[in-house]
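Enquirer: Requesting a structural model of the entry that follows:
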Amino acid sequence: MSRVGRMPIPIPPGVQVAVADGTVNVSGPKGTLARTVHPDIRVAVEGDQIVVSRRSDDKFHRALHGLTRALVANMVHGVTQGFQINLEIQGVGYRAQKQGAALALQLGFSHPVEIKPPAGITLEAPQPNRIVVGGVDKELVGQIAASIRALREPDPYKGKGVRYQGERVRRKAGKAGKAAGAKA
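Expert: Okay, here's the model as predicted:
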């Protein structure tokens, strides 16, 4: 049996979970999330915990079992505490600025890049070189953070660009210059 899938998910106080027609609805103090699960996976609320089980011991069902349990656990965590990803901006003249709900980024282009967050996502710029992406849906928070990073990925030569907080960028050596004894 799946080690991840067989662990029950505790339901914290203030969180309501409803399972109907293959859809799991989780609502809590930070918001509401809904997800459709595969028909071969059964999600049930038993007392103050959520139990995920599978139909058979087939390899596909074993994979879905752990995945579904992790997704539902992330939903419960999201509506109670939320998720947050921190990004760093490095480079001369590179900065982020909050403009209403949107975020304006100066990333070395001839124009500022404006990012409007989708519903359920908050973008903050506590400092000009820091961005905080937050929300209740872990997938959406990660996708928005990845799309911001993709605007100007870290350069391996100078290290300029947008990176995750704590991300280490492998630096490359530049040109070695003219070799001794080479013909001009």
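Enquirer: list the contacts for Phe83?
Expert: 77, 134-138, 141-142 (CB atoms under 8 Å, 6 or more residues apart in numbering). All C-beta spots, glycine's among them, are computed from the backbone N, C-alpha and C.
Enquirer: The residue nearest to Ile115 when sequence neighbours are not counted: which element?
Expert: Nearest residue to Ile115 in three dimensions, chain neighbours excluded: Leu103, at 4.7 Å (CB to CB, 6 or more residues apart in numbering). According to DSSP states H and E, Leu103 maps onto strand 102-106.
Enquirer: Tell me how many other residues crowd the residue nearest to Val169 when sequence neighbours are not counted.
Expert: Leaving aside its sequence neighbours, Val169 sits nearest to Pro154 (CB to CB, 6+ apart; 4.2 Å). Other residues within reach of Pro154, judged by other CB atoms under 10 Å, total 20.
Enquirer: related to what we said a few turns ago, how close does the residue nearest to Ile115 get to Pro112?
Expert: As for Leu103, its distance to Pro112 is 10 Å (criterion: CB to CB, to the nearest Å).
Enquirer: Neighbour count: the two, which is higher?
Expert: Shown here are Leu103 and Pro112; by other CB under 10 Å, Leu103 has more neighbours (21 against 14).
Enquirer: Show me the beta-bridge partners of that one.
Expert: Listed by DSSP bridges, the beta-bridge partners for Leu103 are Lys98, Ile115.
Enquirer: I believe the residue nearest to Val169 is in a helix; please confirm or correct that.
Expert: No. Using DSSP: H, G, I helix; E, B strand; the rest coil, the assignment for Pro154 is coil, not a helix.
Enquirer: If you count neighbours, what's buried in stretch 106-123?
Expert: Neighbour counts over stretch 106-123 (16 or more other CB atoms under 10 Å) mark 106-107, 115, 117, 120-121, 123 as buried.
Enquirer: swap in stretch 77-94?
Expert: With burial defined by 16+ other CB under 10 Å, the residues of stretch 77-94 counted as buried are 77-80, 82-83, 85, 87-91, 94.
Enquirer: what's the distance between the closest residue to Ile11 other than its chain neighbours and Val37?
Expert: In this structure, Ile11 finds its nearest non-sequential neighbour in Asp48, 5.2 Å apart by CB to CB, 6+ apart. With distances taken as CB to CB, Asp48 is found 20 Å from Val37.
Enquirer: Which one's more surrounded, those two?
Expert: Val37 (18 against 12).
Enquirer: so the more buried one touches Val24, yeah?
Expert: Yes. The pair Val37 and Val24 qualifies as a contact (CB atoms under 8 Å) at a distance of 6.1 Å.
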